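A.B. asks: Here's my sequence, what's the structure:
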Amino acid sequence: MSSSSSSRHVAVIGTGLVGCLAALGFATQFGWTVDIYDARSSTSQAIDQNRTINLALSNRGIRTFEEIDPKMTAELIRQSVPLYGRTIHKRNGATEYQAYGPHGEAIYSINRLTMIALLKDAITACPLIKVHYSRKLIKSEGRNMLLEDPATREHMSASADLIVGADGAYSALREQMRRVVKMDLSTRWAPLSYMKIEVPPIIEADGSTSHAFDPAKLHVWPRKDFLLIAPSNTDKTFTCVLWAPEALLERLRDKNYCLQFFSEEFPSFMAATTHHDVVKQVTTGPIVHMSSTRCFPMNDGHRILIGDAAHAIVPYLGHGANVGFEDVRILLECLKYDSNQKRALDTYSKMRHEDLEAIEEISWGHNKELGQSVLQWRYKVRKSLDFFLARVFPGYWAPLYAAVTFEAGTPYSKVIERHRRQEMIVAALRWVSTLLVLAAIWKTLGQPGLLPLLHLFVLDKTYCS
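C.D. replies: Numbering: from 1, shown residues only. All right, here's what the predicted structure looks like:
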């Protein structure tokens, strides 16, 4: 018997994107009653507007939304901007387009505040869901919780058959669980921090407005040790992000240095913006530090962690929220097919652990890809080869980014396994082709002509490694 056939009461901690989507899933898929608790007041923003950056909604996230609320999914797509690839901006002003997928696929740039507003409208309209603000979790034991009003210090008790921690990277539920669960917890701080820069529309001579850059592409200014990206919004603005070492971001607080730095490093960006506005945002905006956090196991018999509470991921890949949305889908599937809640939660935790390790590895590596690899000829040749093979062998070969982003049914661990196999195949093909070329030269020139070329080949391989 599936668990959806028995009525349960669920408590969700946190009113963020993942928490709200999970609550909708329990209510609409299973008919369970859900109480959502949040330490913030009803007038507080669930997302800090001064720090939040755009979300790149991928096929993985879209799949979860479609299974829970197809109507809301259509509205999310309507209020987002499809991005089909990257435009790389070089220091000399030249640009180069690099598609995301071999078949014209797109990711969807959407403002997080827009998404949370749609989710909150949906949970407000659902009679099975009730939201409790100003309820901070201070204790959790099994099915029981003790909550506190941060303003009045008043305590109240609550209980649930299932308690879901979706309360972010500094999860209160996770800390309560660690008192009784032998949980491994690790945090890794990123060498880069980020700063948000908003670029308004360009006002034309006739009073109309236009985009500062092509809205159908993610604009990237890669500079190896730091980079600037610019995804577009439906209102013709761009929510840009400067990733850089904290020391550099602090140095940019000086107005003169800030103007000089942006003019020299990002001339095409400055040509499409107001210099005074950029300098003001950079010299006064918050510097946001980044880290990844993961834990295992993520559950006991009555409690489960999802989203950033279980795995905060650095935003280099722009995939963190999609991982959280996929958490919801897989958790619902585990609970649907196993009526034993403890066993279903154990299955979810073990299943997800390997995939979360894989996506964390991919996310850390994407920083190098965006910051410098996109400028290298070897990367471009390999990307062209991957696209060609993906078109010739669909379903069997896929570029890493395309597989992570567009293959909603392929677990991250399987994606990285296939990528490693592809790396081995390409390496083998490279060696075979090299040997064939050397054999042809040997046959044509003989040993004296071959030795200098072989020497150069060995030096090149040594250098590349």
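
A.B. asks: going forward, measure contacts and count neighbours with C-alpha atoms only.
C.D. replies: Will do.

A.B. asks: tell me the contacts of the residue sitting nearest the centre point of the chain?
C.D. replies: Relative to the mean C-alpha position of the chain, the nearest C-alpha, by CA atoms, centre = their mean, is the one of His319, at 1.6 Å. Residues in contact with His319 (CA atoms under 8 Å, 6 or more residues apart in numbering) are Leu55, Ala56, Leu57, Ser58, Ser363, Thr405.

A.B. asks: ditto for Pro245
C.D. replies: So Pro245 contacts Pro191, Leu192, Ser193, Asp225, Phe226 (CA under 8 Å, 6+ apart).

A.B. asks: hang on, the earlier thing: strands - which of the contacts of His319 land there?
C.D. replies: Among the contacts of His319, the ones falling in strands (DSSP state E) are Leu55, Ala56, Leu57.

A.B. asks: Can you add pLDDT and give the residues you listed back as a markdown table?
C.D. replies: Shown next, in a markdown table, are those (pLDDT from 0 to 100):
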| residue | pLDDT |
| --- | --- |
| Leu55 | 90 |
| Ala56 | 92 |
| Leu57 | 95 |
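
A.B. asks: for the lengthiest helix in the chain, packing partners?
C.D. replies: If you go by DSSP state H, the chain has its longest helix at helix 412-445. If you count contacts as 3 or more CA pairs under 8 Å, 6 or more residues apart in numbering; DSSP states H and E, helix 412-445 packs onto helix 341-371, helix 400-406, helix 447-464.

A.B. asks: Mind telling me which of those helices the model trusts least?
C.D. replies: Of all the helices and strands packed on helix 412-445, helix 447-464 carries the lowest average pLDDT, namely a mean of 51.

A.B. asks: Might one say that Gly301 is in contact with Gln341?
C.D. replies: Yes - using CA atoms under 8 Å, Gly301 is in contact with Gln341, at 6.9 Å.

A.B. asks: now the contacts of Pro245: which count as buried?
C.D. replies: Neighbour-count burial within the contacts of Pro245 applies to Leu192, Ser193, Phe226; the criterion is 16 or more other CA atoms under 10 Å.

A.B. asks: contacting residues for the last one?
C.D. replies: Yep, that's Phe226 we're talking about. Contacts of Phe226 by CA under 8 Å, 6+ apart are Leu192, Leu242, Trp243, Ala244, Pro245, Gly371.

A.B. asks: Please point out which parts of stretch 401-410 sit buried.
C.D. replies: By 16+ other CA under 10 Å, the buried positions in stretch 401-410 come out as Ala402, Ala403, Val404, Thr405, Phe406, Glu407, Ala408.

A.B. asks: Could you dump the residues you listed into TSV with distance to Phe238 added?
C.D. replies: Shown next, in TSV, are the buried residues of stretch 401-410 (distance: CA to CA, whole Å):
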residue	distance to Phe238
Ala402	24
Ala403	27
Val404	25
Thr405	22
Phe406	24
Glu407	27
Ala408	27
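
A.B. asks: which of those lies closest to Met145?
C.D. replies: Distance to Met145, by CA to CA, is smallest for Ala408 among the buried residues of stretch 401-410, at 35.3 Å.

A.B. asks: Name the nearest residue to the closest one, sequence neighbours excluded.
C.D. replies: Arg60 (4.4 Å; CA to CA, 6 or more residues apart in numbering).
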